[in-house]
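Student: I'd like to go over a predicted model; first the sequence, then the structure.
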Amino acid sequence: MYTVKLQGNIPAEKYQMAVGLLRVIGLEVEQEETLQVPKNVLQEIEKGLDDVKNNNVIPSEIVHQKMQKYVQNSLDK
């Protein structure tokens with residue numbers, strides 16, 4: 001069995017195209033195991049989803065206004 005290693009990161013679309021091409025020309029492609037997400041990251045995602053469900057979020061307009069002020073203050077310095 002031969003292994004093809006990719007140098008650097010490539011976008012998912014390019015990866016899928018490459019895998020598809022290899023299959024079209026008759027090569028068998030073995031998928032690696034899926035990425036294991038750390039437990040603390042999953043917990044933070046669940047917390048974020050709960051915050052959204054409970055409407056415990058900041059409207060995007062307010063975030064945008066705060067960022068505009070922050071950027072303007074940074075540029076003024």
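Tutor: The structure has been received and is ready for your questions. Numbers count the residues shown, from 1 in each chain.
Student: Could you point out which residue ranges in the chain have low pLDDT?
Tutor: 33-35 (pLDDT under 70).
Student: where exactly do the helices run in it?
Tutor: 12-24, 39-53, 60-76 (DSSP state H).
Student: With only the CA atoms kept, save the longest one in CSV.
Tutor: Spelled out, it's helix 60-76. Once non-C-alpha atoms are left out, helix 60-76 reads as follows in CSV (Å, rounded to 0.1, in the frame of the first residue of the first chain):
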residue,chain,number,x,y,z
SER,A,60,-25.1,41.9,15.8
GLU,A,61,-25.8,45.6,15.4
ILE,A,62,-24.4,46.3,18.9
VAL,A,63,-21.3,44.2,18.2
HIS,A,64,-20.8,46.0,14.9
GLN,A,65,-21.1,49.4,16.6
LYS,A,66,-18.7,48.5,19.4
MET,A,67,-16.2,47.2,16.8
GLN,A,68,-16.5,50.4,14.8
LYS,A,69,-15.7,52.5,17.9
TYR,A,70,-12.8,50.1,18.8
VAL,A,71,-11.3,50.4,15.3
GLN,A,72,-11.8,54.1,15.2
ASN,A,73,-10.1,54.6,18.6
SER,A,74,-7.2,52.4,17.5
LEU,A,75,-6.8,54.5,14.3
ASP,A,76,-6.9,57.7,16.3
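Student: Residue 4: which of the helices of the chain is closest?
Tutor: Among the helices of the chain, helix 12-24 comes nearest to residue 4, with 8.1 Å by C-beta to C-beta. The C-beta positions use only the backbone N, C-alpha and C, and glycine is treated the same way.
Student: how about TSV for the helices of the chain, with distance to residue 31 added?
Tutor: Output for the helices of the chain, formatted as TSV (distance: least, C-beta to C-beta, whole Å):
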stretch	distance to residue 31
helix 12-24	8
helix 39-53	22
helix 60-76	37
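Student: Let's have the ones you listed in CSV, adding mean neighbour count and distance to residue 6.
Tutor: Formatted as CSV, the helices of the chain follow (neighbours: other C-beta atoms under 10 Å; distance: least, C-beta to C-beta, whole Å):
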stretch, mean neighbour count, distance to residue 6
helix 12-24, 11, 8
helix 39-53, 10, 24
helix 60-76, 9, 36
